[in-house]
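>>> Show me the folded form of this:
(one chain, ligands or ions: 1)
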Amino acid sequence: MVSITLLVIGISVAVLHPDSPLPSQWNPTKDLSIDAPLTPITRVQMLRATRDGATCAKVLHAYGARFDELPNLDRSENCHIHDRVRLRAVGDVRVGPVETRCDIALRLAMWERHGIRRAAQAAGLRVTRLFHQGSYNCRKIRTTRGGADDWSQHATAGAIDIRAFGLEDGRQLALLRHWDGENAGFLRAAWRTSCDWFKLVLSPEYNSLHADHLHLQASGWGVCR
Ligand SMILES: [Zn+2]
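Residues are numbered from 1 along each chain as shown. Take a look at the predicted model:
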């Protein structure tokens, strides 16, 4: 019993002490660092950063993302942007500018840092730009059978649509034109890794409505199609 008590005290000191030798990516009480190696604690830190606008902005600033913090937009009960930012770049990769929620910007940054970059390197490419086709859009869901009654996650900027990757040499890999082309391997790897950072992702594989973009959504149940 005494040894368990001492162990708990030891772990508490290691985690909570300001001069803790524990690297921050292993310390659940520390803020997420986008650049840090991924650990099982990353998810805990990510959850906190995506749920709190102030922490989210702090984490993005620390990474050197370029964005403006804007006041909340409240159009109606169903249409709003909370923790609103105008995002221009994550790391070295230009995005937009696009108005979205801070947690969407954060997820994009994690995807760029830990997914796109590696997928591009493996394919001998360097991505310098993400082309989007919008995040906030006060509308209901669209299906292949027409409209639906539910509000789209775009109505609260809880999703973003990415239509192309810009490369260092100026080329643009657009999902519509290149999904089955010579860089199909990279595009599919980028799509797969987006599912690590977004909870619902719909690609050109899903249906014709998504032939020209990846729909990346913060809420959902692990759908990656
Ligand atoms: Zn979408």
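>>> by contact count, what packs against the helix or strand containing Ile104?
Assessed by DSSP states H and E, Ile104 sits inside helix 102-111. Using 3 or more CB pairs under 8 Å, 6 or more residues apart in numbering; DSSP states H and E, the elements in contact with helix 102-111 are helix 42-51, helix 53-63, strand 84-90, strand 159-167, strand 214-217. To be clear about C-beta, it is placed using only N, CA and C from the backbone, and glycine gets the same treatment.
>>> and the helix or strand following the fourth one, which strands flank it?
I take that to be strand 159-167. Once the chain leaves strand 159-167, the next helix or strand it forms, by DSSP H and E, is strand 172-174. Strand pairing for strand 172-174, using DSSP bridges, gives strand 159-167 (antiparallel).
>>> quick one: the partner strand to helix 102-111, angle?
Put simply, strand 159-167 runs at 30 degrees to helix 102-111, going by axes from the mean of the first three to the mean of the last three CA atoms, to 10 degrees.
>>> Mind checking the pLDDT average for strand 159-167?
Over the span of strand 159-167, the pLDDT mean works out to 98.
>>> Quick check, Ala123 in contact with Asn183.
Yes - Ala123 is within contact range of Asn183, at 6.5 Å (criterion: CB atoms under 8 Å).
>>> In contact with the residue in the chain that the ion sits nearest to, which residues?
Taking CB to the ion as the measure, the chain has His215 as its residue closest to the ion, at 3.5 Å. By CB atoms under 8 Å, 6 or more residues apart in numbering, His215 lies in contact with Ala159, Asp161, Leu200, Val201, Leu202, Ser203.
>>> now Asp161
Contacts here follow CB under 8 Å, 6+ apart; on that basis Asp161 touches His132, Gln133, Gly134, Ser135, His154, His213, Leu214, His215, Leu216.
>>> and it, what are its bridge partners?
His215.
>>> do the same with Leu87
For Leu87, the beta-bridge partners under DSSP bridges are Phe67, Val98.
>>> Say whether the ion is contacted by stretch 155-162.
Yes - with CB under 5 Å from the ion as the measure, stretch 155-162 is seen reaching the ion through Ala159, Asp161.
>>> Not counting residues beside it along the chain, what's closest to the most centrally placed residue in the chain?
What sits nearest the mean C-alpha location of the chain, by CA atoms, centre = their mean, is Arg107, with 1.7 Å. Computed as CB to CB, 6 or more residues apart in numbering, the closest residue to Arg107 that is not its neighbour in sequence is Trp197, at 4.5 Å.
>>> follow-up on the earlier one: helices and strands around the helix or strand just after the helix holding Ile104, which ones?
Using DSSP H and E, the next helix or strand after helix 102-111 towards the C-terminus is helix 117-122. Using 3+ CB pairs under 8 Å, 6+ apart as the contact test, the elements touching helix 117-122 are helix 184-194.
>>> what would the helices and strands packed on helix 102-111 look like in TSV with distance to Ile34?
Listed next are the helices and strands packed on helix 102-111 as TSV, based on distance: least, CB to CB, whole Å:
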stretch	distance to Ile34
helix 42-51	9
helix 53-63	4
strand 84-90	8
strand 159-167	17
strand 214-217	17
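>>> returning to what we had before: turn the contacts of His215 into CSV, columns for distance to Arg142.
Shown next, in CSV, are the contacts of His215 (distance: CB to CB, whole Å):
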residue, distance to Arg142
Ala159, 12
Asp161, 12
Leu200, 15
Val201, 16
Leu202, 11
Ser203, 16
